[in-house]
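*Asks:* Would you be able to build a 3D model of this:
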Amino acid sequence: MGDTGPTGPVMDRDEVDRALARLGAEHEAIETSLLALQDHAGRRLLEGAELTGVTAERWSAAEASITLLWTYFDAYTGALRTAREIRSRRRWSSREDLVELTELLRGEAVTVSGGAAATANAPTLDGGPGRLSERYTLATLVDRMNQLYATSLDMVVAADAVWSALPARIDLLAAELQRTRKLAHSVGVRPGEHPSGDDLERITRTLTRLRERVVSDPLAFWTPAEGSSAPGGGRPDTTVYDREARALEEVRREIDAVLAVRQDAEQRILRLRDVLSRADRTLAEARTARGEVLAKIAATEVPVVGGPPIVLQEQLAAAAEYRRHAQWHRLSPLLESLEEKAEDELLRARESLTAVTAPLAVRAELRGRLDAYKAKMARLGHAEDPELAEKYERARRMLWSAPCDLRVAEQAVLRYQHAAAELLAATAPRVPGQAGPADRTGPGT
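*Replies:* Okay, here's the model as predicted:
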């Protein structure tokens with residue numbers, strides 16, 4: 001088609017029909033989207049909420065954008081209706097009709113008041129200050145509506161996502177908090193008396209403030225998805241909620257520990273008394289053994305034995321008092337500390353006894369070794385050997401006299417062992433072909 005108009009080549013009938021079909025489909029899609037936005041639960045909540053902060057600012061802009069959207073849509077609807085009316089005048093449109101349709105479908109034929117655009121802070125086509133009215137092409141108008149719809153829907157979806165996620169979770173956590181507070185109070189975990197009681201008060205205040213802020217300013221708790229342009233791309237920011245949930249779980253574990261103490265406190269205290277009693281008896285045995293060692297063993301350094309742990313006994317008495325007065329929150333950490341210290345004390349007492357009695361153990365080992373060699377020699381028929389008997393008697397007197405010098409006694413035992421070994425070697429039966437002790441000096445001896 002060679003004819004041209006103010007907007008370029010004049011469209012033919014087929015082009016007009018295709019354009020009207022496309023614009024009609026776009027009109028239907030836009031209308032469906034606008035009605036869905038109008039009925040969106042998030043939008044209705046935003047309309048009725050007392051908003052603050054960033055949400056109040058963005059909702060004010062979004063409301064103006066939604067109003068402008070409908071203004072644009074009404075203008076778009078009117079232009080499409082006019083184009084359809086022109087096309088339906090006659091089956092075969094005249095050139096004048098086609099020129100008019102081309103101007104309407106491709107030209108800046110849609111007028112929107114400048115006040116409506118200014119209310120929504122929408123820039124004019126030339127980027128300059130707003131005018132009394134603005135003229136758009138249908139394509140430009142569709143682009144504007146898509147842009148305004150996307151930003152408005154993004155804001156509505158984000159606010160709705162935060163309101164759908166956080167308040168309900170906060171309420172569930174608050175209910176768990178109330179149950180925990182009642183349980184804590186029943187076992188004496190109260191503010192000012194126990195750190196966990198203070199933590200419960202702080203968590204309560206934080207959750208109250210968090211819920212108020214989430215309800216009035218949901219967008220303050222929205223994290224947009226990086227690189228995403230889709231409306232509502234992102235997730236609710238649950239950082240504060242997650243932190244308080246973890247803090248409440250820690251308090252709950254502490255209270256569970258206190259409850260466990262209440263159930264088995266008596267048995268634990270009895271076990272502690274038994275452990276400390278065994279430690280005292282072991283230390284008493286070590287002190288007695290030290291006196292015996294000093295009296296029976298000469299020239300030996302014997303370590304000093306400490307006294308019983310008075311501090312642990314005092315703490316054990318305090319634990320019994322806490323139990324009598326049902327002060328479970330104080331009893332719990334005290335018992336845990338005492339159980340560790342009591343085991344350490346029993347180990348220390350046993351090590352002290354071992355260190356003190358070490359010289360007696362050495363003497364007993366030497367006695368046993370001496371008697372074992374004597375029995376062996378008697379079994380081999382050397383019990384009456386005078387030299388061996390004399391060495392045995394000398395070692396025996398040293399080991400069975402007090403005080404015993406262990407170093408000298410050990411040397412005496414070694415001399416007896418050597419003498420026994422030599423005697424056994426001298427009296428061993430000769431094997432044919434093997435030289436005996438007398439033959440080792442040579443044939444002429």
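*Asks:* Can you give me the neighbour number for residue 216?
*Replies:* Neighbours of residue 216 under the rule other Cβ atoms under 10 Å: 15. In this view, the C-beta of every residue, glycine as well, is placed from N, C-alpha and C.
*Asks:* Other residues contacting the helix or strand harbouring residue 425?
*Replies:* Taking DSSP states H and E as the definition, residue 425 sits inside helix 406-426. If you take Cβ atoms under 8 Å, 6 or more residues apart in numbering as the criterion, helix 406-426 is touched by 297-300, 359, 362-363, 366, 369-370, 373, 376-377, 380, 382, 385, 387-388, 391-392, 394-395, 398-399, 437.
*Asks:* Could you tell me how far that helix lies from the centre of the chain?
*Replies:* 68 Å (Cα atoms, centre = their mean, to the nearest Å).
*Asks:* Check the nearest residue to residue 183 once chain neighbours are set aside and give its pLDDT.
*Replies:* Setting aside the residues directly before and after it, residue 183 is nearest to residue 255 in space (Cβ to Cβ, 6 or more residues apart in numbering), at 5.8 Å. Per-residue pLDDT puts residue 255 at 87.
*Asks:* Same question for the one 3 residues further on.
*Replies:* At residue 258, the model reports a pLDDT of 79.
*Asks:* what's it in contact with, if anything?
*Replies:* Residue 258 makes contacts with 187-189, 328-329, 332, as judged by Cβ under 8 Å, 6+ apart.
*Asks:* Also residue 108?
*Replies:* Contacts of residue 108 (Cβ under 8 Å, 6+ apart): 135-137, 140.
*Asks:* Return a PyMOL selection command for the buried portion of those residues.
*Replies:* Here is the PyMOL command that picks out the buried ones among the contacts of residue 108, judged by 16 or more other Cβ atoms under 10 Å:
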select buried, resi 136+137
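*Asks:* Pretty sure residue 355 sits against residue 303.
*Replies:* Yes: taking contacts as Cβ atoms under 8 Å, residue 355 lies within contact range of residue 303: 5.0 Å.
*Asks:* isn't residue 134 right up against residue 140?
*Replies:* No: with contact defined as Cβ under 8 Å, residue 134 does not count as touching residue 140 (9.8 Å).
*Asks:* where exactly do the strands run in the chain?
*Replies:* Assigned by DSSP state E, the strands in the chain fall at 4-5, 8-9, 110-113, 133-136, 222-224, 234-236, 297-298, 404-405.
*Asks:* and these, which is most packed in?
*Replies:* strand 404-405 (a mean of 20; mean count of other Cβ atoms under 10 Å).
*Asks:* Who are the packing partners of it?
*Replies:* When contacts are defined as 3 or more Cβ pairs under 8 Å, 6 or more residues apart in numbering; DSSP states H and E, strand 404-405 sits against strand 297-298.
*Asks:* Describe which strands the strand it packs on pairs with in its sheet and in which direction.
*Replies:* Strand 297-298 has the following sheet partners, assigned by DSSP bridges: strand 404-405 (parallel).
*Asks:* just to revisit the earlier point, can you tell me which of the contacts of helix 406-426 are buried?
*Replies:* By 16+ other Cβ under 10 Å, the contacts of helix 406-426 give 297-298, 300, 359, 362-363, 366, 369-370, 373, 377, 382, 385, 388, 391-392, 395, 398-399 as buried.
*Asks:* Inside helices: which ones of these?
*Replies:* 359, 362-363, 366, 369-370, 373, 377, 388, 391-392, 395, 398-399 (DSSP state H).
*Asks:* want to throw the contacts of residue 108 into CSV with pLDDT and distance to residue 97?
*Replies:* Shown next, in CSV, are these (pLDDT from 0 to 100; distance: Cβ to Cβ, whole Å):
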residue, pLDDT, distance to residue 97
135, 86, 21
136, 86, 22
137, 87, 19
140, 89, 23
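*Asks:* For residue 134, name its beta-bridge partners.
*Replies:* residue 112.
*Asks:* quick one: the residue nearest to residue 183 and residue 189 touch, right?
*Replies:* Yes: counting by Cβ under 8 Å, residue 189 is a contact partner of residue 255 at 6.0 Å.
*Asks:* list the residues that contact both of those two?
*Replies:* residue 196.
*Asks:* List of residues touching stretch 237-254?
*Replies:* 165-166, 169-170, 173, 176-177, 180, 184, 189, 196, 199-200, 202-203, 206-207, 210, 221-223.
*Asks:* rerun that using 7 Å as the cut-off
*Replies:* By Cβ atoms under 7 Å, 6 or more residues apart in numbering, the residues outside stretch 237-254 that reach it are 166, 169-170, 173, 176-177, 180, 196, 199-200, 203, 206-207, 210, 221-223.
*Asks:* Output the below-cut-off pLDDT ranges for this protein.
*Replies:* For the chain, the stretches with pLDDT under 70 are 1-8, 114-132, 227-230, 299-300, 428-445.
*Asks:* Show me how it divides into domains.
*Replies:* Under the assignment automatic domain parsing, the domains of the chain span 4-158, 160-258, 286-426.
*Asks:* buried ones in the helix holding residue 425?
*Replies:* For helix 406-426, the neighbour count (16+ other Cβ under 10 Å) marks 406, 409-410, 412-413, 416, 419-420, 423 as buried.
*Asks:* Return the member of the residues you listed nearest to residue 271.
*Replies:* Of all the buried residues of helix 406-426, residue 406 has the smallest distance to residue 271: 40.1 Å, by Cβ to Cβ.
*Asks:* so how far is residue 276 from that closest one?
*Replies:* Residue 406 sits 34 Å away from residue 276, taking Cβ to Cβ, to the nearest Å as the criterion.
*Asks:* Backbone dihedrals for the closest residue to residue 389 other than its chain neighbours, both of them.
*Replies:* Of all residues beyond its chain neighbours, the one nearest residue 389 is residue 383 (7.7 Å), with distances taken as Cβ to Cβ, 6+ apart. In this entry, residue 383 is assigned phi and psi values of phi -70, psi -30 (degrees, to the nearest 10).
*Asks:* how close does residue 383 sit to residue 370?
*Replies:* Separation of residue 383 from residue 370 (Cβ to Cβ): 14 Å.
*Asks:* same question, residue 161
*Replies:* For residue 161, the distance to residue 370 equals 91 Å [Cβ to Cβ].
*Asks:* Equivalent analysis for residue 364, please.
*Replies:* From residue 364 to residue 370 the distance is 11 Å (Cβ to Cβ).
*Asks:* can you tell me which residue is nearest the centre of this protein?
*Replies:* For the chain, the residue nearest the mean C-alpha position is residue 246 (7.7 Å; Cα atoms, centre = their mean).
*Asks:* now the helices for the stretch 101-250 of the chain?
*Replies:* For the stretch 101-250 of the chain, the helices defined by DSSP state H, counting those that start in this stretch cover 114-119, 138-186, 195-216, 239-296.
*Asks:* Throw those into JSON lines and include distance to residue 94, thanks.
*Replies:* Compiled in JSON lines, the helices of the stretch 101-250 of the chain are given as follows (distance: least, Cβ to Cβ, whole Å):
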{"stretch": "helix 114-119", "distance to residue 94": "35"}
{"stretch": "helix 138-186", "distance to residue 94": "22"}
{"stretch": "helix 195-216", "distance to residue 94": "61"}
{"stretch": "helix 239-296", "distance to residue 94": "68"}
